[in-house]
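Visitor: Sequence plus predicted model, see below.
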Amino acid sequence: ILNVEQSPQSLHVQEGDSTNFTCSFPSSNFYALHWYRWETAKSPEALFVMTLNGDEKKKGRISATLNTKEGYSYLYIKGSQPEDSATYLCAFINDYKLSFGAGTTVTVRA
Amino acid sequence: EAGVVQSPRYKIIEKKQPVAFWCNPISGHNTLYWYLQNLGQGPELLIRYENEEAVDDSQLPKDRFSAERLKGVDSTLKIQPAELGDSAVYLCASSLGTSGVHYEQYFGPGTRLTVT
C-alpha cells in the first residue's frame, strides 16, 4: 500500500471564496494521479486523470496541477459554491498499484 | 448510459454469517475494481479484474473473502464468515481498457455492510 496523504482533512469555506488543498504521493515510478469528488449519498465521480509532470487541468471552477518530481498535486476551487461541498479524493497509480488518500472534505457555507 | 450498478445498497447481518455483493459494470468496461471504504479513510483496493482475470488481489483477505467475475462482466464479492470489523462500505468501479489504472473509474453507489 502506497503512502498517499491529503491535507487538510477538512475545511470550511465561505461561499464565493476560493480554496485549495493538497495530495502528496511518492515521487518514484509515477504512472498517474486521479482526482475524484464524492458528494454525500452519491457515487465518487472522476474529476481529472493526470499523467505528466506540469499537467494543469480545469473543469469549470475546479482545476488541478501536478508535480511528479516533488510528489504533490493541488486541487483549486475558485469562487466556491454550496454544490462544491463534497469529499475530494486523490488516487495515486504506481506500477499498476493504485492507492487512494483519505480525502479532503470541503464544506461551503452560504 | 447506465452507470455501475451495485446491490444490495444496505445489508445488516450477524457475525459469522455469509454475505455477497453484486456489481454490474458499465457496458464495455474491461476493468472492474472492488474497494473497501472505512469511515474517515479512502477506498482500499481489494481486487482488480481485467476481463475475467484477477490481476491484483494482493489486498484481498483470502481466508474469508472471495470474488469472481464470470464471463468478464458482472462480479460478485463474498465474505464468509463475516466479522464485526468487516462493517464498511464496499464500492465497485469499472473503467475502459486493459490498462485500466490510466483511465478514470466510474463508481457504483456502494453497499453499506453492518455486521452485528
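Guide: Looks like it came in fine. Quick caveat: nothing in here was measured; it's all calculated off a predicted structure.
Visitor: mind listing what residue A:91 touches?
Guide: A:4, A:33-36, A:98-101, B:42 (CB atoms under 8 Å, 6 or more residues apart in numbering or on different chains). No exception for glycine: its C-beta is placed from N, CA and C like everyone else's.
Visitor: repeat that with 6 Å
Guide: A:34, A:98, A:100 (CB atoms under 6 Å, 6 or more residues apart in numbering or on different chains).
Visitor: Keep these, but drop any that are not near chain B.
Guide: A:98, A:100 (CB under 6 Å from any CB of the partner chain).
Visitor: Next, format the contacts of residue A:91 as JSON lines and append neighbour count, secondary structure and pLDDT.
Guide: Listed next are those as JSON lines, based on neighbours: other CB atoms under 10 Å in any protein chain shown; DSSP: H, G, I helix; E, B strand; the rest coil; pLDDT from 0 to 100:
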{"residue": "A:34", "neighbour count": "26", "secondary structure": "strand", "pLDDT": "94"}
{"residue": "A:98", "neighbour count": "23", "secondary structure": "strand", "pLDDT": "79"}
{"residue": "A:100", "neighbour count": "24", "secondary structure": "strand", "pLDDT": "93"}
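Visitor: how close does residue B:37 sit to chain A?
Guide: Using CB to the nearest CB, to the nearest Å, residue B:37 is found at 9 Å from chain A.
Visitor: what's the burial count for residue B:106?
Guide: For residue B:106, the count of nearby residues is 20 (other CB atoms under 10 Å in any protein chain shown).
Visitor: just to revisit the earlier point, with respect to chain B, which of the contacts of residue A:91 is nearest?
Guide: Using CB to the nearest CB, residue A:100 comes nearest to chain B of the contacts of residue A:91, at 3.3 Å.
Visitor: Tell me the bridge partners for the residue most central in space within chain B.
Guide: By CA atoms, centre = their mean, the mean C-alpha position of chain B lies nearest to residue B:34, the distance being 2.8 Å. Note on residue B:34: beta-bridge partners by DSSP bridges are residue B:47, residue B:92.
Visitor: Run through the residues of chain A sitting next to chain B.
Guide: Counting by CB under 6 Å from any CB, the residues of chain A near chain B are A:32, A:43-44, A:46, A:49, A:89, A:93, A:96, A:98, A:100-103.
Visitor: All good on my end, thank you.
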